[in-house]
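Novice: 3D, please:
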Amino acid sequence: MQDKFKRLEVEMEGVTEEQKNIREGQREVREKFEANESECEELKRETRIIIQQSVRTQIKLAIMFQIIKASQQVDLATVAKLTRLRRYFFFRQILTLTVGSRFNFPTIGC
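Specialist: The predicted structure follows:
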């Protein structure tokens, strides 16, 4: 009977140690998962920024090409209008980078 209790006690210690190891493993997995989630959110944010920069670049290029086209056609009114528009986008981008997205930009009429 003593031997059975001793064996049972040793087994219980083993089970307790296994449970402790399982909890530790679960904690490590949870920490890795949270780190992965955080990294995923950061990558999403960076992707949004890259997309926004790409869109701004495409808009600026389109405006510049229109300015060149209007210049070739000697359409000075259109050149002036597009230059104001390009300047507006430039300053809007600068303000967005320095002030942030809290700034409400006025609409412009061309």
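Novice: can you give me the pLDDT of residue 48?
Specialist: Residue 48 is assigned a pLDDT of 92 by the prediction.
Novice: what about it, which SS state?
Specialist: Here residue 48 is recorded as helix under DSSP: H, G, I helix; E, B strand; the rest coil.
Novice: so who does it touch?
Specialist: Residues near residue 48 by Cβ atoms under 8 Å, 6 or more residues apart in numbering: none. C-beta coordinates here come from the backbone N, C-alpha and C atoms, glycine included.
Novice: torsion angles phi and psi at the closest residue to residue 64 other than its chain neighbours?
Specialist: Nearest residue to residue 64, sequence neighbours excluded (Cβ to Cβ, 6 or more residues apart in numbering): residue 86, at 6.8 Å. Dihedral pair for residue 86: phi -60, psi -40, per degrees, to the nearest 10.
Novice: and residue 86, how many residues sit next to it?
Specialist: Counted by other Cβ atoms under 10 Å, the residues lying close to residue 86 total 17.
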